[in-house]
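Student: turn this into a structure:
(one chain, ligands or ions: 1)
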Amino acid sequence: MDWQVTVACAMIGYVIVIILLRTLFPEKHLHWNDINLEDLNFPADFIWGVATASHQIEGNNYNNWTQFEQREHKTPSGAACDHWNLWQEDHNLLTELGVDSYRFSIEWSRIEPNEGEWNEEAIEVYSKMIDSLIARGIEPMITLHHFSHPVWFEEKGGFYKTENLPYFKAYCARIFPYFSDKVAKWCTVNEPDVFSIMGYHMGMFPPGKRSPIKAIRVMKNVMIAHGEVYHELKRQNPSSYIGLAKNVTIFDPYRRWNLLHWLTTFALNYIWNGAIISALKRGRMFGSSVKIVKNSADFIGLNYYTHVLTSPFLPQTTEIDLPSREHEIVTEFGYPMYAEGLVRATKWLGKLNLPIEITENGVADGKDSLRPNHLKRHLWMIAELIKQGVDIKSYYHWSLMDNFEWAEGYTMRFGLYHVDYENQTRTLRESGKIYQQIIKQSKL
Ligand code: IFM
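Tutor: Sure, this is the predicted structure:
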């Protein structure tokens, strides 16, 4: 065979491979203008909620994040929404919205500020919060680790060191009996993917490391910690409903005819999504055994925000705007609005055969010009999926109110309520009113 024939065969082979990839892995885009977004039908028992996290709203915490904010000269979280003092008023907001459930996290650094030292007053405050929610007919869903933990744990090496995992398990085992008779729904950890990759590969979360190898190790350890905590809590109270919140970000090839873009896409989808699904389904992750993780969930929480268009030159920081398709609406965070991604996100999670709780979905939009559309598109998509038989039980909007958005400080506003940080006034946004109306309507 002379070289011309070889080149021609290689080119034909390349084209066939690309056609196959494009056919097997389509990137769904809907014509939103042709869809009636007012047509939202949800089952009568669908659970409507909103979500927050302790470090983002409570104010004046002392944890790995406050330490990182100081060390890296980041925006201090400071008083945040002063929720630690204003929680009763904030519970009024939940009642005003009409939600059935509220997902929030309890702050390990408040409860165990020093190793083995238990702050009963903090436990008492969380207890009162839970009672207040129950009295209002709002079901609590508690997250045990939402990116923040005590400084003493961080200084021991945090989740990077396998020998530290018992500290987290001991904390969870100790705190659980205080609340487990009143609270059925628990998320052990929030977004093990974001936590490990942002903290250990992108360097934008504490401890600010930049090593993919470290990030993979931390992700694995967080999943092992999840598995251990799951079994411990189930031992204590078998009727509890325990899972974790998984951020499913979909990676799609930026150029759908470029094999390198496809290869990067497959690698990133595995690292970010596939590895965690495989840990829960098969007890294997990154080629090694994580047996304790297998079947360690009663539900899978889905935090869904976007898809990322991928090439081998993907930016290594979130400060650069990500690419998007021409017709896509780009949100303030720089990533596109892509409600269609819920189809693939729920399909992947569907491999676990578990009920899906949408534990987070929302948009940074200070002017509230995108949120109404964002909310309706995502809810429409969820209603469609439920109609098609996908077992989605709930929707928790991120977030109840504007709050401290980690590496982005206070620049990103995700709230259904606007927060004026000068005087801690909360104001219901138009999108909040829409959500309120949707909830009301669905209950009629
Ligand atoms: O604010 C975060 C939250 O803490 C985790 N999930 C994504 C949200 C918006 O970026």
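
Student: low pLDDT regions in this structure?
Tutor: Applying pLDDT under 70 to the chain flags the ranges 1, 315-320.

Student: how about stretch 322-330 as PDB, C-alpha atoms only?
Tutor: The C-alpha coordinates for stretch 322-330 follow below in PDB (Å, rounded to 0.1, in the frame of the first residue of the first chain):
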ATOM      1  CA  LEU A 322     -15.800  29.100  29.700                       C
ATOM      2  CA  PRO A 323     -16.700  28.600  26.000                       C
ATOM      3  CA  SER A 324     -20.400  28.200  25.200                       C
ATOM      4  CA  ARG A 325     -22.500  27.400  22.100                       C
ATOM      5  CA  GLU A 326     -23.500  30.400  20.100                       C
ATOM      6  CA  HIS A 327     -27.200  30.300  21.000                       C
ATOM      7  CA  GLU A 328     -26.700  29.600  24.700                       C
ATOM      8  CA  ILE A 329     -27.400  32.100  27.400                       C
ATOM      9  CA  VAL A 330     -24.300  32.700  29.500                       C
END
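
Student: dihedrals phi and psi, Pro238?
Tutor: Pro238 has phi and psi values of phi -60, psi -20 when expressed as degrees, to the nearest 10.

Student: residues touching the closest residue to the ligand within the stretch 201-350 of the chain, list them.
Tutor: Using C-beta to the nearest ligand atom, the closest approach of the stretch 201-350 of the chain to the ligand is made by Asn303 at 5.2 Å. In short, each C-beta sits where N, CA and C put it, glycine included. Neighbour list for Asn303: 190-191, 245-248, 358-361, 398 [criterion: C-beta atoms under 8 Å, 6 or more residues apart in numbering].

Student: check the stretch 151-300 of the chain for the residue nearest the ligand and tell me.
Tutor: Using C-beta to the nearest ligand atom, Glu191 is the residue of the stretch 151-300 of the chain that sits closest to the ligand, at 5.6 Å.

Student: what sits against that residue?
Tutor: Contact criterion C-beta under 8 Å, 6+ apart gives 147, 245-247, 303 as the residues in contact with Glu191.

Student: can you redo these as a markdown table with secondary structure and distance to Phe46?
Tutor: A markdown table is the format used below for the contacts of Glu191 (DSSP: H, G, I helix; E, B strand; the rest coil; distance: C-beta to C-beta, whole Å):
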| residue | secondary structure | distance to Phe46 |
| --- | --- | --- |
| Phe147 | coil | 28 |
| Ala245 | strand | 18 |
| Lys246 | strand | 20 |
| Asn247 | strand | 22 |
| Asn303 | strand | 18 |
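
Student: count of residues packed around the residue nearest to the residue of the stretch 201-350 of the chain closest to the ligand when sequence neighbours are not counted?
Tutor: Spatially, and ignoring its direct neighbours in sequence, Asn303 is nearest to Glu360 (3.7 Å; C-beta to C-beta, 6 or more residues apart in numbering). By other C-beta atoms under 10 Å, the residues close to Glu360 number 25.

Student: before we move on, what about the one 3 residues further on?
Tutor: Residues near Val363, counting by other C-beta under 10 Å, number 25.

Student: before we move on, the earlier item: my guess is the residue nearest to Asn303 contacts Ala245. True?
Tutor: Yes - in this structure, Glu360 sits in contact with Ala245. The criterion is C-beta atoms under 8 Å, and the distance is 6.6 Å.

Student: shared neighbours, these two?
Tutor: Listed as contacting both Glu360 and Ala245 by C-beta under 8 Å, 6+ apart are 301-303.

Student: what residues does the stretch 251-400 of the chain have near the ligand?
Tutor: For the stretch 251-400 of the chain, the residues in contact with the ligand under the definition C-beta under 6 Å from any ligand atom are 303, 360, 398.

Student: how close does the residue nearest to His55 when sequence neighbours are not counted sit to the ligand?
Tutor: Once its chain neighbours are removed from consideration, His55 has its nearest residue in Ser148; the separation is 4.0 Å (C-beta to C-beta, 6+ apart). Counting by C-beta to the nearest ligand atom, to the nearest Å, the separation of Ser148 from the ligand is 10 Å.

Student: isn't Ser148 up against Asn61?
Tutor: Yes - checked against C-beta under 8 Å, the pair Ser148 and Asn61 is within contact range at 6.8 Å.

Student: what about these two, which has more around it?
Tutor: The neighbour comparison of Ser148 against Asn61 (other C-beta under 10 Å) goes to Ser148, with 29 against 23.

Student: which neighbours do Ser148 and Asn61 share?
Tutor: Joint contacts of Ser148 and Asn61 (C-beta under 8 Å, 6+ apart) are 54-55, 107, 109.

Student: please flag which of those sit within strands.
Tutor: Where the shared contacts of Ser148 and Asn61 are compared with strands, as defined by DSSP state E, there is no overlap at all.

Student: dump the residues you listed to CSV, plus neighbour count and distance to the ligand.
Tutor: What follows is the shared contacts of Ser148 and Asn61, written out as CSV (neighbours: other C-beta atoms under 10 Å; distance: C-beta to the nearest ligand atom, whole Å):
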residue, neighbour count, distance to the ligand
Ser54, 25, 10
His55, 24, 8
Glu107, 24, 13
Ser109, 25, 16
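
Student: format the residues you listed as CSV; extra columns: distance to Ala383.
Tutor: As requested, the shared contacts of Ser148 and Asn61 are arranged in CSV below (distance: C-beta to C-beta, whole Å):
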residue, distance to Ala383
Ser54, 31
His55, 33
Glu107, 35
Ser109, 39
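
Student: just checking, what packs against the helix ranked longest in the chain?
Tutor: For the chain, the helix reaching the highest residue count under DSSP state H is reported as helix 212-236. Judged by 3 or more C-beta pairs under 8 Å, 6 or more residues apart in numbering; DSSP states H and E, helix 212-236 is in contact with helix 165-179, strand 185-190, helix 192-200, strand 241-253, helix 275-282, strand 284-285.

Student: check these for me and report the most buried one.
Tutor: Between the helices and strands packed on helix 212-236, strand 185-190 has the highest mean count of neighbours, a mean of 26, where neighbours are mean count of other C-beta atoms under 10 Å.

Student: direction included, what does that strand pair up with?
Tutor: Counting by DSSP bridges, the strands paired with strand 185-190 are strand 139-145 (parallel), strand 241-253 (parallel).

Student: can I get these in TSV including distance to Val222?
Tutor: Formatted as TSV, the entries for the strands paired with strand 185-190 read as follows, by distance: least, C-beta to C-beta, whole Å:
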stretch	distance to Val222
strand 139-145	8
strand 241-253	9
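
Student: and those: which comes nearest Gln67?
Tutor: Ranking the strands paired with strand 185-190 by distance to Gln67, with C-beta to C-beta as the measure, places strand 139-145 first at 16.4 Å.
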